[in-house]
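> what shape does this take:
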Amino acid sequence: MDLPPVGLGTMGIDDPDAVATALAAGYRHLDTARIYENEAVVGEGLAAGLDRAVGAADRDLDREDVTVATKLWIDDLAADTVAPAARESADRLGVDALDLLYVHRPRGDYDPEATLPALDRLVDEGFVRNLGVSNFEIADLDRAIEVIGRPPAAHQTELHPLFFRPDLLDHAREHGYPVVAYSPLAGGRVREVEPVAEAAEAHETTAEAVAIAWATAKEPVVAIPKASTEEHLRANLAAADLELTDAEVAAIDAVEREEELFPA
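Okay, the predicted model is just below:
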């Protein structure tokens, strides 16, 4: 998939206006999940954002311009529950089709031989435009490729200066799909990472901007930080344009990574 460098992570967002404001600021990738219990909020924000753009000379925005992604939780993954769960998500989001649908985790009812073909049938029907996976290990990724006969459209995984899996990026490069980095700000802890703070001081910016720039500079990574105020939304979007030096990137790469926020 051709995803923008920075999208909007919506876990914890309960105000549709935050989503509408993000769209007005230039976001074109919205990420949610059934387990977040806010698909309806995201859908309301999407509709409001599209309405605001109608007739606005400086905001030309159509539904087709926005990638709307959601994820099926581990109890949605049996072959006979995949389609009903996906349609319920689409109804809550207020969309006719899901642009990107993920397996949230390869756990619970997940069975690659049953779950993935059920999802792929939704792709064949045109109801799901792209099939993604999330929180997969290399073996899970390889098995998924074997079952569906192609790489996933995207792999979403936790990635930030305190948790980084180079092997997952290598796999994505080898097979030609993007890595979608969630929690790129490590829940705010990036401010405590010394080389991140030093780079922020050198560039007269924030640690959050440095963390996003560090992540999105790593092909083929795109990031989905959460933000709800216009100031933070615009700052996160602009962070992808920040160019770190090779030395700064190397220093962040060398951080001892011990802080996985969402272990399996």
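> for the rest of this, base every contact and every neighbour count on C-alpha atoms.
Fine.
> scan the chain for its longest strand.
Determined from DSSP state E, the single longest strand within the chain is strand 67-72.
> what's the following helix or strand after that strand?
helix 82-93 (DSSP states H and E).
> what comes up buried for that next one?
For helix 82-93, a neighbour-count test (16 or more other C-alpha atoms under 10 Å) marks 82, 83, 85, 86, 87, 89, 90, 92, 93 as buried.
> ok, residue 74 touching residue 106?
Yes - under the criterion of C-alpha atoms under 8 Å, residue 74 makes contact with residue 106 at 7.2 Å.
> higher neighbour count, those two?
Of the pair residue 74 and residue 106, residue 106 is the one with more neighbours under other C-alpha atoms under 10 Å, namely 21 against 16.
> what about the residue nearest to the more buried one when sequence neighbours are not counted, neighbour count?
Spatially, and ignoring its direct neighbours in sequence, residue 106 is nearest to residue 136 (6.5 Å; C-alpha to C-alpha, 6 or more residues apart in numbering). Neighbour count of residue 136, defined by other C-alpha under 10 Å: 20.
> which ones are touching residue 136?
Residues in contact with residue 136 (C-alpha atoms under 8 Å, 6 or more residues apart in numbering) are 105, 106, 155, 157.
> the stretch 101-250 of the chain: helices as residue ranges?
112-125, 138-148, 166-175, 194-202, 207-216, 230-239, 246-253 (DSSP state H, counting those that start in this stretch).
> so which of those helices is nearest residue 70?
helix 112-125 (13.1 Å; C-alpha to C-alpha).
> and the gap between residue 3 and residue 50?
Here residue 3 is placed at a distance of 19 Å from residue 50 (C-alpha to C-alpha, to the nearest Å).
> tally of neighbours for the residue nearest to residue 181 when sequence neighbours are not counted?
Nearest residue to residue 181, sequence neighbours excluded (C-alpha to C-alpha, 6+ apart): residue 223, at 4.6 Å. Counted with other C-alpha under 10 Å, the neighbours of residue 223 add up to 33.
> what is residue 223 paired to in the beta sheet?
residue 6, residue 181 (DSSP bridges).
> report pLDDT for it.
At residue 223, the pLDDT value in this model is 98.
> mind listing what it touches?
Residue 223 is in contact with 5, 6, 7, 180, 181, 182, 184, 212, 215, 216, counting by C-alpha under 8 Å, 6+ apart.
> kindly recompute the last result at 6 Å.
Contacts for residue 223 (C-alpha atoms under 6 Å, 6 or more residues apart in numbering) come out as 6, 180, 181.
> can you give me the neighbour number for residue 221?
25.
> ok, for it, nearest residue in space, not its chain neighbours?
Using C-alpha to C-alpha, 6+ apart, the nearest residue to residue 221 is residue 179, at 4.7 Å.
> all good on my end, thank you.
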